[in-house]
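quick one, fold the following:
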Amino acid sequence: MKKTLLLCSGIFLFFLLAQAQEKPAPQKPGMSIYIEAGGPGVISFNYDTRFTASDKGFGGRIGVGGYKIDNSGAVYIPVGLTYLLSKNDRDYIELGAGFTYVDYTRDNNDVINFSPFTKSFGHLNFGYRYQQKEGGLVLRVAINPVFGDGFFNPAYGGLSLGYKF
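Residues are numbered from 1 along each chain as shown. Next comes the predicted model:
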């Protein structure tokens, strides 16, 4: 678990350092935070940033989520790359792919161990994102096909609400 948290922290720092090493741009890159229900983090808090000074183009996300019921629970750490397309500065098509690390613990009496969300998995992202150019509300709706060790769910999805700054 410590190695995984260190790896995820390293990826997060890489995102931040990649931004810090760019030449100063007239417009700062779009960054947002959001809470997501469903999606690759199941229930998660996420940080999203663009790799360029534009809100369009490539970016990345990292999050943390999870649950605990009785003596069973899981921690989810979704990491992914995203690409935003738009003809205006408010409505975006969001495409992406990534990996969600899962640290699952269960009580020996827990019979609910058949869920694919008890193991790390890959995910895709096909969605719509609403965000204002100058910051403010972020709303995301997506279909997130998930796949892993012996499973594929093409109809999984998520809904996010957050803030762009």
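
what count of nearby residues applies to the closest residue to residue 59 other than its chain neighbours?
The shortest distance from residue 59 to any non-neighbouring residue, by C-beta to C-beta, 6 or more residues apart in numbering, is to residue 50 (4.1 Å). Every residue, glycine included, has its C-beta placed from N, CA and C. The local packing of residue 50 (other C-beta atoms under 10 Å) involves 21 other residues.

now residue 50: how far from residue 164?
According to C-beta to C-beta, to the nearest Å, residue 50 stands 10 Å off from residue 164.

shared neighbours, these two?
Taking C-beta atoms under 8 Å, 6 or more residues apart in numbering as the contact rule, residue 50 and residue 164 both touch 30-31.

check the gap between the nearest residue to residue 58 once chain neighbours are set aside and residue 123 for me.
Closest residue to residue 58 apart from its sequence neighbours, by C-beta to C-beta, 6+ apart: residue 51 at 4.8 Å. With distances taken as C-beta to C-beta, residue 51 is found 20 Å from residue 123.

next, the buried residues of the host helix or strand of residue 46.
Secondary structure from DSSP states H and E places residue 46 in strand 43-50. Of all the residues in strand 43-50, those buried under the rule 16 or more other C-beta atoms under 10 Å are 44, 46-50.

residue 44: what's its closest spatial neighbour, skipping adjacent residues?
residue 65 (2.8 Å).

helix/strand/coil for the one you found?
Three-state call for residue 65 (DSSP: H, G, I helix; E, B strand; the rest coil): strand.

and it, how many neighbours does it have?
Neighbours of residue 65 (other C-beta under 10 Å): 21.

hang on, isn't it packed against residue 43?
Yes: between residue 65 and residue 43 there is a contact under C-beta atoms under 8 Å: 5.0 Å.

which neighbours do the two share?
residue 36.

quick one: least confident helix or strand in the protein?
Lowest by mean pLDDT, DSSP states H and E among the helices and strands of the chain is helix 2-20, with a mean of 58.

ok, and for the next helix or strand after that helix, which residues are buried?
Next in sequence after helix 2-20, counting helices and strands by DSSP H and E, comes strand 31-38. For strand 31-38, burial by neighbour count (16+ other C-beta under 10 Å) applies to 31-34, 36, 38.

got it, and stretch 146-160?
Quick answer for stretch 146-160 (16+ other C-beta under 10 Å): 146, 148, 156-158, 160.

any idea of the mean pLDDT for that stretch?
Averaged across stretch 146-160, pLDDT comes to 93.
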